[in-house]
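**Student:** Below is the structure, and that's it, no one-letter string:
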């Protein structure tokens, strides 16, 4: 298979930097174009970026010239990955789509669009089945647009999907997050706000989590033209989220309590279901698909951000502390790497799935 | 009123250091004796302690000689405050009690004793009414023993009490804590465990929270000889707690969801009840009683540990972000200073209440 | 003595917030006007500021309306304290001066002006003697302008002054700083830059330290019309500074090596000189003058930012670890609270000195 | 070449954990035995260790049974790497040596022994030439003992060696360190001591740095039986060190000022010398030898611990901010990964060098 040419939009941002690391030596994708704001355009990447990763800029990327995010300039790309901020992502991604390019977006703008899938690659790769319908709507031959979920939602839905598949609908979910500062980009969170502190609020985050879970864990309609959001189902799933920011560099930790609509599994059964969960991404042989979509850690004090965020290259979700919830049914802790599986890693794996499914 | 002589047990520990700061210039208590382990005994306090407070050791305490925690040596004290660890607190506190001394303990050892009150001073000062019964049991004239609650429980029960008083029984409570490192004492949490990290487990803490709430918010029997734990009530209150440790020096942040047994108050009604809550401690004119047992902060991103822990000298609970919970009824965030109201500050205020009630 | 009316320029910034706390209950100064940028002007202070202090906004300041920094609006003030950034401080402070107001500036703009004193209040209060000359130059009756030093310079010159007074000229000084994030203002240092990190560079800081020491420790000319910078002296003092930023909220730590031009004091003699150092500020009975301008801590591992920054209300410099330097003569560590003595605290104490000297 | 069997002493400690990661998939070394204290002996490694690395325990090591550190049990090993604490390292390492094993020690015990080399692999690999003499002394055929330097010394001597080689003797060195918490082992530094703080003292560290530089940068005697410490030279090098602990996980940052005995190189010449420095380790083709022993970073605000510690797998020293020192001649900043090149990485690379030189 010949390599696909990819463009990266928002290449200088924190998500964009992760895209570059994931794609610099990718077996089937080749970085072809870098897009950023007008301020960066025209400069070599190394001069345009404030590189904040702990490994250096890949040599062949360092001197690539950054372009403005104009669709015309990316028309040779098979794929564009977008790490753009929501305030500009809407128009630019739509322009790329209309160039018949496959667009993989991290922004929130199209997540609620009824024809745009919201895909966590180890959860609902079947939602790609709406692409023919989407192409028809936009009159496209090769292009389409896929969004991936909010970083906190992404971590949450992986074990929820495993539980839902095994034990049927989940009626109630209460989730409390402790999110890393890298989720806010750069400069992002001022150090005076977070050193020796926790900020118990992240604008818009709780609403995103409470809504996105229902689309991701919901079904496609039988004719593959619409999504059936869980809240529309007779077995509605209700989510209550509280989101906080903690002084951690990478890795969102989430405490989850779940109530099943009908089942009462034992703790052992829950552990077994989490251990055995498989995703289509791995079956398809995708490069970035984790060997296990869920890593279970049985130690009493895990998962921990610093020790578990790099598990399986940051593409898995680590789960621990499964125990009875005196109020709902079961509670547990999970950890997701917010800029890998929680952002750039989902996008790239989604693109690998699309290639494996013959959509690109 | 003449000043009362007080002893401090565990005077060199982190809670002990807070006792010293609270008592060094107290209007009705005078530090008379300092107790610590055999290793410290015989040394001037300043040489025995590893002082970790941001203000210096009070001058007149610095050269007091530390004693072993033998009851005989504290018999001149009217009161002893105990910041002892649970592994030694049981025997020592009992020996002090048998010397007919009023003992105020921070340890967990006697919290579940059916004749020992578990008092959060701005919540259930009425539980002092069991003291005559307790004295009878132990055949004491002046002495008695009072425990105060776990630091996380302490923060939680203050707004819960306000809600219960106003809206009747609470049927379900889910609480998630983010606790400061000072709660683990010194040396306590290794820096390698908590820098750029969160530890999602604190041994025994969740069980304490889930049990203690029921004793504190429960009633005394009509004859003042027993406590009616909420779980024994037909309106049982069920608590589910998850406790984590975060890189914060002082101040436990808690995210709480509550379901009422019968009521459905609006958010505005909840705010009003929290604003208007009063405690007996203030009515009695106690020195350390906060002007308001609950400070409400209406900013979207509060309370925060670093900015709110010193509110009203660390003796109040700061509450914010009251909003509808899609799963239970109402959710909010609270902050309590874990070594002030959450430990030493509760003990001293409890002792002030006991003096005001004529028990000492 | 009647109270003086004071204005605060840059009142919403981090230094401005410290001014408000220092002046809210000041015995001889009354906050009369608050100045900030056009964006804040017209709003009540509590709505204009992002308050980041651990104690609340003083009640009577919270609702004061913020004004633009126009000299006309501050003409009723006896004094203005400026916490303005250097990019706007030059013009605004000059306009205030021309209104015949006494201006106390934290900005760097006029520090090198040959007629403007650069005063660290516990070091060179005698430099106020140039004020008659300055007034003549600007044709003023009551007004004048005083600058205080860079926060790191401020900590450094206090023990250097003690040593210079006792042992004669210092020929060489090497200083290495570890500076708190509050020194960079708000939002200031991004958390992604400083968590689990040290930034070994602060723009312009090393140059400031290397130059300012010479003006502060230098003399006034005999006719009180000029400053004799140490580098112009035959006993020139050479300073080499390295400045770094560390994840500490408040308190700059400095490691200093000193070579004396002529003396060879023993470590004991150095300790004694530091212990006994007195400043004119205290002799004048100023409210904010620390009881001791230098607090010596003899513990092996002190001073430490978190434990020592609040010593004597943040108006002293804590010194420890005095020992032989194998390369120069003597080395030691010092700690200064960067927003108290290192900024707002110096300004206010300078103003108290000016009042005590009859200049206001 | 057949693989060498290696043992790891102190295998459960923080340095031991690094040894395991470096050796688990090493091309010429095979982990054969793990030694730890009696408390750990007899347990599978995964149960004996408190693993604090961000990647998991290698599978084939997890179930190896830990042994007590008795020489008899390690006699099948060609090499033992010791991460033992100084209080036990002396006797155990000597016993291993007497079993005729090649011992590579991180402890300080034998660093000052006149027959034991103190080797930083990219600096003084020529000191291996004393081994024949050492073997004669101890009557050994295959065994010998090599120490590597203190972590802070290790970072310092690499650029100093480059400068000394190019510009001749260095007469004076002033160095100030900001050291990571991992250098203190586990549990090591209590979080209450280091959060929002700097500790300006590390017991014994300054003395080690001031002495070790002279042995490492010194010569071997012509007959290869003794080391000529720099302080014994007519061109004596004097070092003044100040060591502090900062809230950083890994990576020691050092600020260095240097005076040359005879030379006055320009900043450009210094940069060129650092860029071009080569070490024998690389010439020998050693697996862990960094491509460049010194990486120069020309950005104004580098090196930084979080961004530069992983450069060239943590085996290089990153240098930046070379500039004139107004007091000595030249000053610069360096960064060394304290548990890689600064500890376990030096030991393993030293062993690779010994194999390449035919000593094992």
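**Tutor:** It's in. Predicted, not measured: the structure shown is a model, and the values here were computed from it.

**Student:** all strands for chain A, in order.
**Tutor:** According to DSSP state E, chain A carries its strands in the segments A:4-9, A:29-36, A:67-68, A:79-82, A:102-105, A:144-147, A:170-179, A:219-220, A:227-228, A:238-245, A:252-260, A:294-297, A:317-324, A:330-336.

**Student:** now residue A:324, which residues is it bridged with?
**Tutor:** Per DSSP bridges, the residues bridged to residue A:324 are residue A:330.

**Student:** My guess is it contacts residue A:331. True?
**Tutor:** Yes: look at residue A:324 against residue A:331 with CB atoms under 8 Å: they come within range, at 7.5 Å. Yep, even glycine has a C-beta here, placed from its N, CA and C like the rest.

**Student:** The two: which has the busier surroundings?
**Tutor:** residue A:331 (23 against 13; other CB atoms under 10 Å in any protein chain shown).

**Student:** and the more buried one, how far is that from residue C:44?
**Tutor:** Using CB to CB, to the nearest Å, we find residue A:331 at a distance of 44 Å from residue C:44.

**Student:** same deal with residue A:223?
**Tutor:** 58 Å.

**Student:** what does residue A:295 give?
**Tutor:** For residue A:295, the distance to residue C:44 - CB to CB - is 52 Å.

**Student:** The two: which has the busier surroundings?
**Tutor:** residue A:295 (21 against 14).

**Student:** okay, that one: pLDDT?
**Tutor:** Note for residue A:295: predicted pLDDT of 98.

**Student:** got the residues of the stretch 1-150 of chain A near chain D?
**Tutor:** Proximity of the stretch 1-150 of chain A to chain D (CB under 8 Å from any CB of the partner chain) is limited to residues A:52, A:53, A:54, A:55, A:56.

**Student:** mind giving me the domain ranges of chain A?
**Tutor:** Domain assignment for chain A by automatic domain parsing gives A:4-150+A:344-356, A:151-338.

**Student:** Okay, helices next: where are they in chain A?
**Tutor:** Here chain A has its helices, by DSSP state H, at A:14-23, A:45-48, A:59-62, A:86-98, A:131-138, A:151-167, A:191-194, A:205-216, A:267-276, A:280-283, A:305-308, A:345-356.

**Student:** quick one: which of those is nearest residue B:27?
**Tutor:** Of all the helices of chain A, helix A:191-194 sits nearest to residue B:27, with 36.6 Å by CB to CB.

**Student:** And the closest one, what does it pack against?
**Tutor:** Judged by 3 or more CB pairs under 8 Å, 6 or more residues apart in numbering or on different chains; DSSP states H and E, helix A:191-194 is in contact with helix C:191-194.

**Student:** any residues touching the helix it packs on, and which ones?
**Tutor:** A:14, A:52, A:181-182, A:186-191, A:193-195, A:247, A:249, C:181, C:199, C:245-247 (CB atoms under 8 Å, 6 or more residues apart in numbering or on different chains).

**Student:** Just the buried residues of the residues you listed.
**Tutor:** Among the contacts of helix C:191-194, those scoring as buried are A:14, A:52, A:181-182, A:186, A:188-191, A:193-195, A:247, A:249, C:181, C:199, C:245-247 (criterion: 16 or more other CB atoms under 10 Å in any protein chain shown).

**Student:** The residue in the stretch 101-250 of chain A that chain D sits nearest to: how many residues sit nearby?
**Tutor:** Residue nearest to chain D within the stretch 101-250 of chain A (CB to the nearest CB): residue A:196, separated by 4.7 Å. Counted by other CB under 10 Å, the residues lying close to residue A:196 total 24.

**Student:** again with residue A:87
**Tutor:** Count around residue A:87 with other CB under 10 Å applied: 9.

**Student:** doesn't residue B:247 make contact with the residue of the stretch 101-250 of chain A closest to chain D?
**Tutor:** Yes: here residue A:196 reaches residue B:247: they are 7.5 Å apart, a contact under CB under 8 Å.

**Student:** Would you tell me which residues of the stretch 251-360 of chain A are close to chain D?
**Tutor:** A:306, A:307, A:309, A:310, A:311.

**Student:** Out of those, which are close to chain B?
**Tutor:** Restricting those to those near chain B by CB under 8 Å from any CB leaves A:306, A:307.
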